[in-house]
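1. kindly generate the corresponding structure for this input.
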Amino acid sequence: MKNIKKLFSVLFSAILLFSATTTSSVAIDKLHFVIGGGAGGGWDGTARGTGEALTKAGMLKSASFENMSGGGGGKALAYMINNKPANTVLVQSTPLVLRSITRHEGYVTGGGSGVLSYKDVVPIAGVIGDYGAIAVAKDSPYKNFKDIVDAYKKDPKSVKMAGGSVRGSMDHLIGALAFQTAGANPNDVIYVPYDAGGKALAGLLSGETQMISTGLGELMGARDQVRIIGITAPERVSDAPDAPTLKEQGYDVQFVNWRGFFGPPGMSNSMKNEIAKMLGDVQKTSEWEAVRARNAWVNIYNPGDDFVKFLEKQTGEMTDLMKKLGVI
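-> Numbers count the residues shown, from 1 in each chain. As a prediction, the model looks like this:
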């Protein structure tokens, strides 16, 4: 009888242990990355770079990617909310916060419209920071940001600024903030929106625009075609030592755009925590460092509840900034 009781005790303990381990962790061998913009943009580079590092480091067997342009990221966001796809994450950044601040309408269930925000999906982790950058074509007569400002003040219509997303997006705000710091009215700057950084870069190189406002990471692979004339870092970054800061030129503009990943509504805590851990662990690998350095990113791993608190804080900060810029 004692042996039977002991056997049941052992079995019961094993069941409890199995239950605890199966509910606290989930084995993930593949991830699908949904990207709310076209090829060549910051979201695209972040998703593909992260997937590359995770697979090369052996943390994932496979990673797949899907570009889903539309509505400044709204189409991809609505897809996550409406379809709740398994083993799928959405790459996002500061524009997700801006959507709710500007009351930017997105796609919602049933074909209606409404304002979507980070509260409608599951924040997993912030992963990297990308400084803003302003650049001109390599053969441009503008050698520094002051040249652009002088040309603008002489004739505002002579300077058109390209960006990889809609008006009021991060690309627009970076350029607008720089012009405001230079004493210009940011609302008078002609902003030309494109679908992601690749098309914005093509617009610059074709002469449709005279400058581009985007993320530094998006320009790193095009340095033979463009001249970076100002970045929003507090000091020059080692991965792009030839890129001058706006601050060193007398325009104290400092900003870093976070990028991170979100799951669909209903994603389990175990799945969320496992992906978050994976995103943190990969930053300790040489495979990640190769991707990070190539894009001049800043590591800002920020998982779970800390990520949510950060998003809440940034909502307040960006609201103040956008009011100052006259965007809202």
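2. any regions of the stretch 1-150 of the chain where pLDDT drops low?
-> By pLDDT under 70, the low-scoring segments of the stretch 1-150 of the chain are 1-26, 103-115.
3. how about the stretch 201-328 of the chain?
-> For the stretch 201-328 of the chain, the ranges with pLDDT under 70 are 325-328.
4. hmm, try it at 90
-> 215, 217-224, 239, 253-257, 296, 310, 312-328 (pLDDT under 90).
5. and the contacts of stretch 46-64?
-> Residues outside stretch 46-64 that contact it (CB atoms under 8 Å, 6 or more residues apart in numbering) are 28-35, 65, 91, 93, 127-128, 130, 217, 259, 261, 278-279, 281-282, 285, 287-288, 290-292, 294-295. Bear in mind the C-beta positions are built from the backbone N, C-alpha and C, glycine included.
6. now list the buried members of these.
-> 28, 31-35, 91, 93, 127-128, 130, 217, 259, 261, 278-279, 282, 285, 287-288, 291-292, 295 (16 or more other CB atoms under 10 Å).
7. quick one: which of these sit in strands?
-> Leu31, His32, Phe33, Val34, Ile35, Val91, Ser93, Val127, Ile128, Asp130, Arg259, Phe261 (DSSP state E).
8. dig out what the last one forms beta bridges with.
-> In other words, Phe261. Legend: beta-bridge partners of Phe261 under DSSP bridges are Val91, Ala125.
9. residue contacts, it?
-> Thr50, Val89, Leu90, Val91, Gln92, Ile124, Ala125, Val127, Ile275, Leu279.
10. outline the domain layout of this protein.
-> As assigned by automatic domain parsing, the chain contains the domains 29-130+258-325, 131-249.
11. quick one on the thing from earlier: mind putting the ones in strands among the buried ones among the contacts of stretch 46-64 in CSV, distance to Asp252 included?
-> Shown next, in CSV, are those (distance: CB to CB, whole Å):
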residue, distance to Asp252
Leu31, 40
His32, 41
Phe33, 36
Val34, 36
Ile35, 33
Val91, 30
Ser93, 23
Val127, 27
Ile128, 24
Asp130, 19
Arg259, 24
Phe261, 32
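12. of those residues, which pair is most distant in space?
-> Farthest apart among these by CB to CB are His32 and Asp130. That separation is 22.7 Å.
13. quick one: the strands in the protein?
-> Going by DSSP E, the chain shows strands at 30-35, 62-67, 88-93, 105-107, 113-115, 122-137, 160-163, 190-193, 211-215, 226-231, 256-263, 298-303.
14. deepest in the core, which of these is it.
-> strand 211-215 (a mean of 29; mean count of other CB atoms under 10 Å).
15. by contact count, what packs against it?
-> strand 122-137, strand 160-163, helix 170-181, helix 197-205 (3 or more CB pairs under 8 Å, 6 or more residues apart in numbering; DSSP states H and E).
16. distance of Gly58 from Lys143?
-> Distance, Gly58 to Lys143, by CB to CB, to the nearest Å: 46 Å.
17. what's the answer for Glu52, then?
-> 35 Å.
18. let me see the contact set for the closest residue in space to Ser100 that isn't next to it in sequence.
-> Once flanking residues are discounted, Ser100 sits nearest to Ser117: 3.7 Å by CB to CB, 6 or more residues apart in numbering. Ser117 makes contacts with Leu96, Val97, Arg99, Ser100, as judged by CB under 8 Å, 6+ apart.
19. same thing but 10 Å
-> Leu77, Leu96, Val97, Leu98, Arg99, Ser100, Ile101, His104, Gly106, Leu311, Thr315 (CB atoms under 10 Å, 6 or more residues apart in numbering).
20. just give me the neighbour total for the third one.
-> Val97: 24 surrounding residues under other CB atoms under 10 Å.
21. returning to what we had before: between Glu52 and Lys143, tell me which one has more neighbours.
-> A count of neighbours by other CB under 10 Å puts Glu52 above the other of Glu52 and Lys143, at 16 against 11.
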